[in-house]
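Visitor: One predicted model, sequence on top.
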Amino acid sequence: MMKISDLQAKDIVNMENGKRLGHMNDLDINLASGQIEAMIISGTGKMMGFFGEKEEVVIPWKNIVKIGSDVILVEVPDTYRPQIKEFGQQSTKRR
């Protein structure tokens, strides 16, 4: 069994290009089924918009290839655009 804090300590690396994406910030959990839907990573640029928007990369759970002792390997195409989370947006994300 693994704790969320264990996942947050691991580097996340994209297998498509070998680029380090950052660390897990949050999980998106389906409250009805209890299944993890996606892993959320704060953008590496840590860009904050004028109204407090944060750049986040949302990686669907099906795109996680391997969780190792130090690294989480994911497949994210180079054409993937980060999602923008607006300040005050409601979600079902839980830590």
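Guide: Nice, thanks for sending it over.

Visitor: Of all the residues in the host helix or strand of Asp26, which ones are buried?
Guide: Using DSSP states H and E, Asp26 sits in strand 20-29. By 16 or more other C-beta atoms under 10 Å, the buried positions in strand 20-29 come out as 21-22, 24-29. Just so you know, the C-beta spots here come from the backbone N, C-alpha and C atoms, and that holds for glycine as well.

Visitor: ok, it: who's next to it in the sheet?
Guide: According to DSSP bridges, strand 20-29 forms sheet pairs with strand 11-14 (antiparallel), strand 36-42 (antiparallel), strand 93-94 (antiparallel).

Visitor: With respect to Val65, which of those lies nearest?
Guide: strand 11-14 (9.7 Å; C-beta to C-beta).

Visitor: so for that closest one, what's the average pLDDT?
Guide: Per-region confidence: strand 11-14 scores 93 on mean pLDDT.

Visitor: Please work out which residues outside it touch it.
Guide: By C-beta atoms under 8 Å, 6 or more residues apart in numbering, the residues outside strand 11-14 that reach it are 19-24, 39, 41, 59, 70-76.

Visitor: and of the residues you listed, the nearest to Leu7?
Guide: Nearest to Leu7 among those: Met24, at 5.1 Å, using C-beta to C-beta.

Visitor: so how far is Ile12 from that closest one?
Guide: 6 Å (C-beta to C-beta, to the nearest Å).

Visitor: Next: Trp61.
Guide: Distance, Trp61 to Ile12, using C-beta to C-beta: 13 Å.

Visitor: Give the intersection of the neighbour lists for those two.
Guide: Applying C-beta under 8 Å, 6+ apart, one finds that Trp61 and Ile12 are jointly contacted by Met39.

Visitor: Looking at those two, which has the bigger crowd around it?
Guide: More crowded of Trp61 and Ile12, by other C-beta atoms under 10 Å: Ile12, with 22 against 15.

Visitor: check contacts around Leu21.
Guide: Leu21 makes contact with 12-14, 41, 44, 57, 74, 76 under the criterion C-beta under 8 Å, 6+ apart.
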